[in-house]
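**Student:** Have a look; sequence and predicted model below, questions after that.
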Amino acid sequence: MTELVDFALPRTLEAHEPPEERLSRRRDGVRLLVGHRATGEVSHHDFRDLPALLRPGDLLVVNTSATLPAAVRLDRLVVHFSTPVPGDDDRLWLVELRRRTGKSSVPYRGGSPDEWIPMPGRANLTLVRRQTDRLWAARLSTDVVPYLRRHGMPIRYGYVPREWPTAAYQTVFAYDKETGSAEMPSAARPFTTELVTRLVSRGVLIAPITLHTGVASPEAHEPPYAERFEVPETTASIVEHVRASGEGRVIAVGTTAVRALETAVDATGHVRAAKGWTDHIVTPERGVRAVDGLLTGLHEPRSSHLMMLTAIAGHDLLRAAYEAALSEHYLWHEFGDLNLLL
């Protein structure tokens, strides 16, 4: 098994609030660490430098999933709604139960099959079966997404000390209001309409995929669960054109875009239109076939996302990038700084 980058993350490097609250009120006011596979070079930039760092003909593949207010607070518990369970029952979802501890929460190990939990708005949540040690398959007594939009709030972990509105968790590419992700596709958060205009003016292409993410922080032994995705026909065609031309690079914006594209690769190595459910995991042993680069946040030690980053960048470059990020005090998590691996 390939060795993964490991390190200690100081709590002082956790991003506690959106950058526009700490940096001149601009989403794109974060830093960008760039690692080049060809040379092993690591360089430091502002995110607003992105158009100059890309070439005409490069393709950015972005996730259009909106962020749901997927956390519902009860008196003593918080219910995190993750993803629907594949099948015909739209009200059956994977959920994580967490016990409230002041302003934060910790995993709650209680519960039993057929137990029902009173929810705000006169709804009930029935625990059907334990899916993993952490997740339950549970059925809500009403349609889930409309219910979350009325009674939910964005999922927030302990390193974010206060609540932020759902709008703070939406990216400029989010448009689907009928469904969405439990957690933000955060690599796209620093993009603004102005920056997108500059990218397009430079000749950088942008194409959409959709992957609706579930709750993060899986336990080490927990198997992956399926997430909904779609790679449209137009996006598949653009990816194939860029790859065939040799003039540009296919750069995924976020690990969700990598997962969707790699799921859509057929047996001949070509990206095809695809939709449905994916539990595909990118590992160094499996490698990647659809992408040449990745724009992503900085991931925690021993995170499964580091397997994907190692598959794209290689161990040595990734280690150099993370050593530089720690040395230069880059910020982690969804409101933090970005890493571009080319």
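**Tutor:** Received it, and whenever you're ready, just let me know what you need.
**Student:** Then Lys275 would be within a strand, right?
**Tutor:** Yes: looking at Lys275 with DSSP: H, G, I helix; E, B strand; the rest coil, it is inside a strand.
**Student:** can you count the residues close to it?
**Tutor:** Using other CB atoms under 10 Å, Lys275 has 15 neighbouring residues. No exception for glycine: its C-beta is placed from N, CA and C like everyone else's.
**Student:** next one: Val95
**Tutor:** Around Val95 there are 28 residues (other CB under 10 Å).
**Student:** Let me see the contact set for it.
**Tutor:** Contact analysis of Val95 by CB atoms under 8 Å, 6 or more residues apart in numbering lists 79-82, 125, 135-138.
**Student:** Which member of the residues you listed is positioned nearest Val271?
**Tutor:** Lowest distance from Val271 to the contacts of Val95 (CB to CB) belongs to Ser82, with 27.1 Å.
**Student:** Name the SS class of the closest one, please.
**Tutor:** Secondary structure of Ser82, per three-state DSSP, is strand.
**Student:** buried ones in the strand or helix carrying Tyr147?
**Tutor:** If you go by DSSP states H and E, Tyr147 is part of helix 144-151. Buried residues in helix 144-151, defined by neighbour count with 16 or more other CB atoms under 10 Å: 144-145, 147-148.
**Student:** And the strands in the stretch 151-300 of the chain, which stretches?
**Tutor:** 205-212, 227-231, 250-253, 274-278, 293-297 (DSSP state E, counting those that start in this stretch).
**Student:** will you turn the buried residues of helix 144-151 into TSV that also has distance to Phe191 and pLDDT?
**Tutor:** What follows is those, written out as TSV (distance: CB to CB, whole Å; pLDDT from 0 to 100):
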residue	distance to Phe191	pLDDT
Val144	28	98
Val145	25	97
Tyr147	30	98
Leu148	25	97
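**Student:** picking up where we left off before, of the contacts of Val95, which is the most crowded?
**Tutor:** Neighbours here mean other CB under 10 Å. Within these, the largest count is held by Ala138, at 29 neighbours.
**Student:** three-state assignment of that one?
**Tutor:** Of the three states, Ala138 takes strand under three-state DSSP.
**Student:** Mind listing the residues bridging to it?
**Tutor:** Trp93, Leu127 (DSSP bridges).
**Student:** Quickly list what the closest residue to Ile238 other than its chain neighbours is bridged to.
**Tutor:** Using CB to CB, 6 or more residues apart in numbering and skipping the chain neighbours, the partner closest in space to Ile238 is Ala207 (4.8 Å). Residues in a beta bridge with Ala207, per DSSP bridges, are Val61.
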